[in-house]
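[1] Need coordinates for the below:
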Amino acid sequence: MKNRNLRGYKIFIASPDDLYNSHNLVKETIHKFNWLHAIKSGVIFIPFNHKEVPGGYSNNGAQELINKAAFERDYAIIMFGKKLGKETQNYRSGTIEEYERSKNLIKEGKMLDLLVLVKSPRIVLDEISGMSKELEEYSETRTYIEDTLHAESFCKPFNNEGDIIQELNSFLNRALGDLGGKKEKEVSVSDVKDPSEI
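    Predicted structure coming up:
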């Protein structure tokens with residue numbers, strides 16, 4: 001008999017605005033993974049981002065609301081591309097802040113795992129060739145990545161959408177295994193049609 005009792009695990013997604021399409025792909029991939037595995041495994045992953053944090057501002061602005069909601073997460077997926085993102089009160093960017101917060105939550109045992117996806121320098125440089133302002137901005141991003149993320153085991157490079165789907169599929173399968181969930185079968189979410197298309 002199929003399992004009808006689902007345990008939900010929140011996945012917070014953070015990225016600068018230059019990765020809008022990649023960010024949406026991550027959410028879509030998680031939804032497809034759920035569609036494929038949730039009923040049998042009894043586990044459902046719930047993706048959310050800063051735009052899905054309840055409205056209202058405080059003296060410290062929107063980042064404080066994001067921070068509150070982001071503490072209530074089991075996993076995080078952080079992405080870096082050309083930019084680091086918008087500066088916050090305490091960090092060079094909101095995306096960096098979420099990365100640092102995630103690392104601390106894991107150390108404190110308040111979060112289960114983290115995946116950091118970094119766009120390949122070759123791809124980024126092809127996209128911005130000849131644009132001096134973007135090149136300068138990317139230089140700062142690249143320095144941060146090399147100084148901070150390069151040696152981390154949870155940091156994975158990507159060149160295209162296929163790489164994102166592959167890394168995310170591995171991450172979700174590993175998480176599902178760690179949670180004791182049973183999979184229907186080993187199928188890549190890239191092979192699964194959107195349920196609305198069936």
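[2] all contacts plus neighbour counts: C-alpha atoms, from now on.
    OK.
[3] Could you check how many residues crowd around Glu108?
    The number of residues packed near Glu108 is 9, by other CA atoms under 10 Å.
[4] Show me the strands in this protein, by range?
    7-14, 43-48, 75-80, 113-119, 155-158 (DSSP state E).
[5] May I see the buried residues of the longest one?
    Residues of strand 7-14 classed as buried under the neighbour-count rule (16 or more other CA atoms under 10 Å) are Tyr9, Lys10, Ile11, Phe12, Ile13, Ala14.
[6] Max pairwise distance over those residues: which two?
    Among the buried residues of strand 7-14, the pair separated by the greatest distance (CA to CA) is Tyr9 and Ala14, at 16.4 Å.
[7] coming back round to it: ok, and which of the strands of the chain has the densest surroundings?
    For those, the largest average neighbour count (mean count of other CA atoms under 10 Å) is found in strand 75-80, namely a mean of 24.
[8] What is it packed up against?
    Judged by 3 or more CA pairs under 8 Å, 6 or more residues apart in numbering; DSSP states H and E, the packing partners of strand 75-80 are strand 7-14, helix 94-107, strand 113-119.
[9] buried stuff in the second one?
    Residues of helix 94-107 classed as buried under the neighbour-count rule (16+ other CA under 10 Å) are Gly94, Thr95, Ile96, Glu97, Glu98, Tyr99, Arg101, Ser102, Leu105.
[10] Test my guess that the second one contacts Lys83.
    Going back to what we said before, that points to Thr95. No: using CA atoms under 8 Å, Thr95 and Lys83 do not qualify as a contacting pair, with a distance of 9.7 Å.
[11] picking that back up, export the helices and strands packed on strand 75-80 as TSV, with columns for mean pLDDT and distance to Asn24.
    Output for the helices and strands packed on strand 75-80, formatted as TSV (pLDDT from 0 to 100; distance: least, CA to CA, whole Å):
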stretch	mean pLDDT	distance to Asn24
strand 7-14	94	10
helix 94-107	90	16
strand 113-119	93	14
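[12] okay, the ones you listed in a markdown table with distance to His23 next?
    As requested, the helices and strands packed on strand 75-80 are exported to a markdown table (distance: least, CA to CA, whole Å):
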| stretch | distance to His23 |
| --- | --- |
| strand 7-14 | 7 |
| helix 94-107 | 12 |
| strand 113-119 | 10 |
